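# Sharing a model prediction with you, sequence too.
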Amino acid sequence: MSKFGRLLILSGPSGVGKSTIRDLVLEQSSVPLQLSVSATTRLPRGQEKNGVDYYFFSPDEFQKMRDADGFVECKEVFGRNVWYGTLRSEVEGHLEAGRWVMLEIDVDGAADVVSRYPDAITVFIAPPSLEILEARLRSRGTESEEAIRNRLSRAQYEMERSGFYRYRVVNEDLTAAVNEFCEIIREEEERGEKHD
Ligand code: 5GP
């Protein structure tokens, strides 16, 4: 029997340390794990590169991709007319080739993916508390009060909707959170092998 890869969905509020955890898990994972690069209509920030951090699409290109059924899911994430989507081309071929694919997407996108791929492994990264998240966002010192408020209300929204995730990892200590995540992958891998 051919062995398909698994989908691993990672979500969590902005400021929780998601991308740091993601990068370390990609390095340390016990399975061949591929990061899915999403498409977005937002503009690149800082050093972001097209095809590496995101595929930066114009609204028109994004719409054409939707019309061609090129997305596994897509969402207008912040309600500001900025779209994000998981491309089929980033997912399907890898799964068929037996590679695991990690999606870093928001909770609403995750719910859509789970309805299509019920055996997707969902991991929600939570802060120890909303107060600690707020303190972390403020300590960056790079954002306006309004931006911090927006991120916090979005964080609350995401946390309230995270009940359907199979796993919840609290990022109190980075190394412990990464180890816990890698352990989840190992356990899921073993469980999958038993069912083969
Ligand atoms: P940022 O603009 O800061 O890179 O990402 C903002 C949010 O968009 C993050 O919560 C991230 O998880 C989410 N996101 C990134 N790519 C996708 C995607 O393909 N689909 C969905 N639904 N959300 C995404």
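Yep, that arrived. Numbers count the residues shown, from 1 in each chain.
# Could you give me the buried positions within the helix or strand containing Asp60?
Taking DSSP states H and E as the criterion, Asp60 maps to helix 59-67. Going by neighbour count (16 or more other Cβ atoms under 10 Å), the buried part of helix 59-67 is Phe62, Met65. Every residue, glycine included, has its C-beta placed from N, CA and C.
# So what touches the next helix or strand after it?
For helix 59-67, the succeeding helix or strand toward the C-terminus, using DSSP H and E, is strand 71-76. Outside strand 71-76, the residues that touch it by Cβ atoms under 8 Å, 6 or more residues apart in numbering are 39, 62, 65-66, 82-88, 91, 105-106, 108-109, 112-113, 116.
# swap the cut-off to 10 Å and go again
7, 36, 38-41, 62, 65-66, 82-92, 103, 105-117 (Cβ atoms under 10 Å, 6 or more residues apart in numbering).
# Take these and keep only those in strands.
Leu7, Ala39, Thr40, Trp83, Tyr84, Gly85, Thr86, Leu87, Leu103 (DSSP state E).
# who touches the helix holding Asp60?
39-41, 55-58, 70-71, 74, 81-85, 87-89.
# when you check the ligand, which of these turn up near it?
By Cβ under 6 Å from any ligand atom, the members of those lying near the ligand are Tyr84, Gly85.
# Buried ones only from the contacts of helix 59-67, please, as a ChimeraX command.
Buried members of the contacts of helix 59-67, defined by 16+ other Cβ under 10 Å, are picked up in ChimeraX with:
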select :39,40,41,55,56,57,70,71,74,83,84,85,87,88,89
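# residues in contact with Ser129?
Contacts of Ser129 by Cβ under 10 Å, 6+ apart are Ala135, Val170, Glu172.
# Leaving out chain neighbours, which residue sits closest to the second one?
Put plainly, it is Val170. Ala126 (5.2 Å; Cβ to Cβ, 6 or more residues apart in numbering).
# swap in Glu180?
Val169 (5.1 Å).
# Model confidence at the one you found, what's the number?
pLDDT recorded at Val169 is 98.
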